[in-house]
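Below are the sequence and a predicted model; questions follow.
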Amino acid sequence: MLAERHVRLFRNGRNQAIRIPREYELPGNEVIIRREGNCLVIEPLQRLSLLAFLAASSPASEDFPRFDDQLPIDDVVF
């Protein structure tokens, strides 16, 4: 666990912001922020890869509708 750091708040337009010191740098470009009492918790956004999402998902409860392999030429949009 890293030691505490004192940082200053500043305004960025209409938003309040802080600069995150390098030793606290988070991976990625997006985070999740939530309030817990008087504390703000900032966590990196961890997106699942498609394979991880599919592995964690349960099978669909409904069958997908059947469709013809070939569409009529009038329905094709280029």
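Cool, the structure landed.

Confirm that H6 sits in a helix.
No: counting by DSSP: H, G, I helix; E, B strand; the rest coil, H6 is not found in a helix; it is coil.

who are the neighbours in contact with the residue nearest the centre of the chain?
Geometric centre of the chain, nearest residue: L45, 4.5 Å, by C-alpha atoms, centre = their mean. Residues in contact with L45 (C-beta atoms under 8 Å, 6 or more residues apart in numbering) are G28, E30, V31, I32. In short, each C-beta sits where N, CA and C put it, glycine included.

I'd like the distance between the closest residue to the second one other than its chain neighbours and A60.
Take E30 and drop its neighbours on the chain: the residue closest to it by C-beta to C-beta, 6 or more residues apart in numbering is L45, 4.2 Å away. In this view, L45 and A60 are 26 Å apart by C-beta to C-beta, to the nearest Å.

As a check, name the ranges of all strands in the protein.
With DSSP state E, the ranges of strands along the chain come out as 9-12, 15-18, 31-36, 39-44.

Thank you kindly, that will do.
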